[in-house]
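Novice: no sequence on hand, only this structure:
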């Protein structure tokens, strides 16, 4: 890498470390630990999964490095600094850079087949996909293989040495293991299409049970291998777009060289189950995934799937600490069933930022309603804005949303 590129990266990294040294960082960590321990000081606020293609203002996100490798680092640093300047909410700036440990993963042996792809905005990373159904008969299930993990310590060492050479003494470098994504139904829906999978739940439940078992067994084996090889992450800062700092983790006996699943968070979800019955949710999602849930220290459950009608089942998830309440829930019903036992992880509707005219009163009233309902039932609550597909190229909408959310949280 050219020295010019290194200097650009080191200057950005120094800005990160200066911000990370501010007392506010530890203050915010304490607030996250408090809410994740079910003793909140106030509602917490985060914004993630941003339409970055619409965010560049005054060239703050314009890349100036020349090499592709340098640009990869530069983008991550500039995005963090941009967020801190414009929509930090309850973000924590860490004083180090994570370098991923190297390993090979054979995966499940089946790749996605797309029949159509469309975009509203080709500069945006959010596109619509149509998937072919690759599982139409029971024998198709045998195509699913269990992942095999092969550590690559020499490549891990090369990455660490390379990062140290690039950044010098501008920022600390830490080796970081896998933070595994363990959804069963997201990959199944992309291999069968949502329609194909939903019909098969009713038409061929035995085949669907077999597919789910293949995935759960594969994930369990993959996690065993991560633990054996010391490839699992630890000390997470985020879990599914929310702060992950928690006094409960890691578990007693923790060894940073060989983290265990019980030392970390996981998140589970079954978004395509939004319209299935609680009984079907229990049969095809909850019970099959119990072995995965049981082995983790803490569980965050849910995403866009409305769970207000499935709380009886969700309460059976061991070690569950946060439950997503998507824009499509009945807030009163959800809060009444969550009570003081979990964090009500409120997902305000990102469409509020995509309307023809940004309506601040709509945003404030929605957040205030959520806060009041949660106070009524004693729910710890966080406001997590995510899946932001567009702000109509008006980034100040996002900045203003976080300001309003913090005003409501502190009121």
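Specialist: On my side now, so go ahead. What you are looking at is a predicted structure, and each value in this text was computed from that prediction instead of being measured. Numbering: from 1, shown residues only.
Novice: ok, residues contacting the helix of greatest length in the chain?
Specialist: Longest helix in the chain, counting residues (DSSP state H): helix 205-229. Contacting residues not belonging to helix 205-229 are listed as 103, 105, 108, 135, 137-138, 140-141, 144-149, 151, 177-178, 180, 182, 184, 187-188, 197, 200-201, 231-232, 258-261, 284, 288-289, 291-292, 295 [Cβ atoms under 8 Å, 6 or more residues apart in numbering]. Just so you know, the C-beta spots here come from the backbone N, C-alpha and C atoms, and that holds for glycine as well.
Novice: give the buried residues for it.
Specialist: Within helix 205-229, the residues that count as buried by 16 or more other Cβ atoms under 10 Å are 207-208, 210-212, 214-216, 218-220, 222-223, 225-227, 229.
Novice: equivalent analysis for stretch 91-111, please.
Specialist: 91, 92, 93, 94, 97, 98, 99, 101, 102, 103, 108, 110.
Novice: sorry, back to before: tell me which of the contacts of helix 205-229 fall in helices.
Specialist: Among the contacts of helix 205-229, DSSP H puts 187, 188, 197, 200, 201, 288, 289, 291, 292, 295 in helices.
Novice: okay if I get those as JSON lines plus neighbour count?
Specialist: Formatted as JSON lines, the ones in helices among the contacts of helix 205-229 follow (neighbours: other Cβ atoms under 10 Å):
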{"residue": "187", "neighbour count": "17"}
{"residue": "188", "neighbour count": "24"}
{"residue": "197", "neighbour count": "22"}
{"residue": "200", "neighbour count": "19"}
{"residue": "201", "neighbour count": "18"}
{"residue": "288", "neighbour count": "18"}
{"residue": "289", "neighbour count": "23"}
{"residue": "291", "neighbour count": "13"}
{"residue": "292", "neighbour count": "20"}
{"residue": "295", "neighbour count": "17"}
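Novice: quick check, nearest of the residues you listed to residue 236?
Specialist: Checking those against residue 236 by Cβ to Cβ gives residue 295 as the nearest, at 15.8 Å.
Novice: among the buried residues of stretch 91-111, name the ones in strands.
Specialist: 97, 98, 99, 103 (DSSP state E).
Novice: right, and the pair among those residues with maximum separation?
Specialist: Distances among those were taken as Cβ to Cβ; the most separated pair is 97 and 103, at 19.3 Å.
Novice: related to what we said a few turns ago, I'd like the buried residues of stretch 91-111 as JSON lines, with pLDDT and distance to residue 48 appended.
Specialist: Shown next, in JSON lines, are these (pLDDT from 0 to 100; distance: Cβ to Cβ, whole Å):
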{"residue": "91", "pLDDT": "97", "distance to residue 48": "9"}
{"residue": "92", "pLDDT": "98", "distance to residue 48": "13"}
{"residue": "93", "pLDDT": "98", "distance to residue 48": "15"}
{"residue": "94", "pLDDT": "97", "distance to residue 48": "15"}
{"residue": "97", "pLDDT": "95", "distance to residue 48": "19"}
{"residue": "98", "pLDDT": "96", "distance to residue 48": "16"}
{"residue": "99", "pLDDT": "96", "distance to residue 48": "22"}
{"residue": "101", "pLDDT": "97", "distance to residue 48": "23"}
{"residue": "102", "pLDDT": "98", "distance to residue 48": "26"}
{"residue": "103", "pLDDT": "98", "distance to residue 48": "26"}
{"residue": "108", "pLDDT": "96", "distance to residue 48": "27"}
{"residue": "110", "pLDDT": "94", "distance to residue 48": "29"}
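Novice: many thanks, we can stop here.
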